[in-house]
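Asker: Could you work out the structure for the sequence below:
(one chain, ligands or ions: 1)
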Amino acid sequence: MKTRVTEMLGIECPIIQGGMAWVAEHNLAAAVSEAGGLGLIGGANAPGEVVREEIRKAKELTDKPFGVNVMLMSPFAADVAKVIVEEGVKVVTTGAGNPAQYMKMWKEAGITVIPVVASVALARLMEREGADAVVAEGCESGGHIGDSTTMTLVPQVADAVSIPVIAAGGIGDGRGIAAAFMLGAEAVQMGTRFVVAKESIVHENYKQRIIKAKDIDSAVTGRSHGHPVRCLRNQMTREYIRLEAEGKSFEELENLTIGGLRKAVLEGDVMNGNVMAGQIAGMVSKEQTCKEMMDEMMAQADVLLGRTI
Ligand code: TUI
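Answerer: Residues are numbered from 1 along each chain as shown. Model (predicted):
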């Protein structure tokens, strides 16, 4: 399937893998790129040198294009932004902030820049700053989220900007891809489904928690202090939401989650850890290779979009 996004990125299939903290490492990114999509390495809270190693390892696994996501709330965001240029990465996406201060450096280096936005205002600003495309991410997503749903955000962003729009949040199969195209998107970004990929290094407990999840199994923590994060319900979310209702401070609440994502992803502590996942977790039923998932989803989307007879 050809769109402005596939042409811009030099990929065959309009699927981008989310730059998920701890999850989006070189094995997953390379597998998605090898399967014809765009794999991403998630910079998350990692220092620049750690991200540099990840980039080098991904290059050993694939000759296809891949990108790096810069998590702008990270204390190492500026470091990672520079490492991306030094390592000749072709595509950068950003999350959890406004990347305006890095745009000039990235554009001068010939990098394709795709900020993730959760509002029309930031999408417009990013277009003015020279972004090549935007990811419009609805609050069905896992992790740090905005307020709008994908169904409402994507068409409003598509109307507001001329650059291509990539839809994210709540997309877990070919139906979601077809629906995103109907809303004006020219590609999709998916995270949760890729967490359970065979190539994903995520602990088996985490994968099984997603596979067993039902439609209403996620909760949003942190709304009271302006950092809403969607994750699957467990001991940690129950405690967090209880303390949040008691009006506890940001610092006290953060103590509950510090290191929680690492604990869940690497150690498999899905009771006390932070099991970030989107609302489509209830639709994820099995582990597959990235290629199997992507072929299956694209075949389904093609039929729905009337591209095959
Ligand atoms: O960034 C994400 N998702 C994430 S980042 C992350 S790491 C983390 N871990 C624990 C706590 C918090 C974060 C986990 N998931 N998605 C992209 C995204 N960006 N969603 C929403 C936004 C966003 C929100 C507000 C982007 C910009 C913004 O305002 C920018 C501004 O300053 O105007």
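
Asker: closest point of the stretch 101-250 of the chain to the ligand, which residue?
Answerer: Gly143 (2.2 Å; CB to the nearest ligand atom). Every C-beta, even on glycine, is put in place using the N, C-alpha and C of the backbone.

Asker: Got the confidence number for the nearest residue to that residue once chain neighbours are set aside?
Answerer: Nearest non-adjacent residue to Gly143, counting by CB to CB, 6 or more residues apart in numbering: Met276, 4.6 Å away. Note on Met276: pLDDT of 97.

Asker: pretty sure Met276 contacts Val202?
Answerer: No. Met276 is beyond contact range of Val202, at 10.7 Å (criterion: CB atoms under 8 Å).

Asker: These two: which has the busier surroundings?
Answerer: A direct count of neighbours by other CB atoms under 10 Å for Met276 and Val202 places Met276 higher, at 26 against 23.

Asker: Could you count how many residues lie near Ile114?
Answerer: That count, for Ile114 with other CB under 10 Å as the rule, works out to 30.

Asker: actually Val50, sorry about that
Answerer: Applying the criterion other CB under 10 Å, we find 17 residues in the vicinity of Val50.

Asker: That one in helix, strand or coil?
Answerer: At Val50, secondary structure determined by DSSP: H, G, I helix; E, B strand; the rest coil is helix.

Asker: State the phi and psi torsions of Thr221.
Answerer: When read as degrees, to the nearest 10, the backbone of Thr221 gives phi -100, psi 160.

Asker: Report the contact partners of the residue nearest to it when sequence neighbours are not counted.
Answerer: Nearest in space to Thr221, with sequence neighbours left out and distances taken as CB to CB, 6+ apart, is Tyr240 at 4.5 Å. In this structure, Tyr240 makes contact with Thr221, Gly222, Leu253, Leu256, Thr257, judged by CB atoms under 8 Å, 6 or more residues apart in numbering.

Asker: Quick check: the fourth one touching Leu243?
Answerer: Same thing as Leu256. Yes. Using CB under 8 Å, Leu256 and Leu243 qualify as a contacting pair, with a distance of 7.3 Å.

Asker: List the contacts of the residue nearest to Gly143.
Answerer: For Met276, the contacting residues are Met20, Ala21, Gly142, Gly143, Val229, Arg230, Cys231, Leu232, Leu261, Ala264, taking CB under 8 Å, 6+ apart as the criterion.

Asker: how close does the third one get to Thr3?
Answerer: Right, the one you point to is Gly142. Counting by CB to CB, to the nearest Å, the gap from Gly142 to Thr3 is 25 Å.

Asker: Please compare those two by neighbour count and tell me which comes out ahead.
Answerer: The residue with the greater number of neighbours, taking Gly142 and Thr3 and applying other CB under 10 Å, is Gly142; the counts read 25 against 16.

Asker: correct me, but that one touches Ala219?
Answerer: No. Counting by CB under 8 Å, Ala219 is not a contact partner of Gly142; they are 11.3 Å apart.

Asker: Find residues that contact each of these two.
Answerer: Both Gly142 and Ala219 are in contact with Arg230, Cys231, where contact means CB under 8 Å, 6+ apart.

Asker: What sits closest to Trp22 if chain neighbours are left out?
Answerer: Here the residue nearest Trp22, using CB to CB, 6+ apart, is Val265, at 4.2 Å.

Asker: next one: Ala178
Answerer: Leaving aside its sequence neighbours, Ala178 sits nearest to Leu304 (CB to CB, 6+ apart; 3.8 Å).
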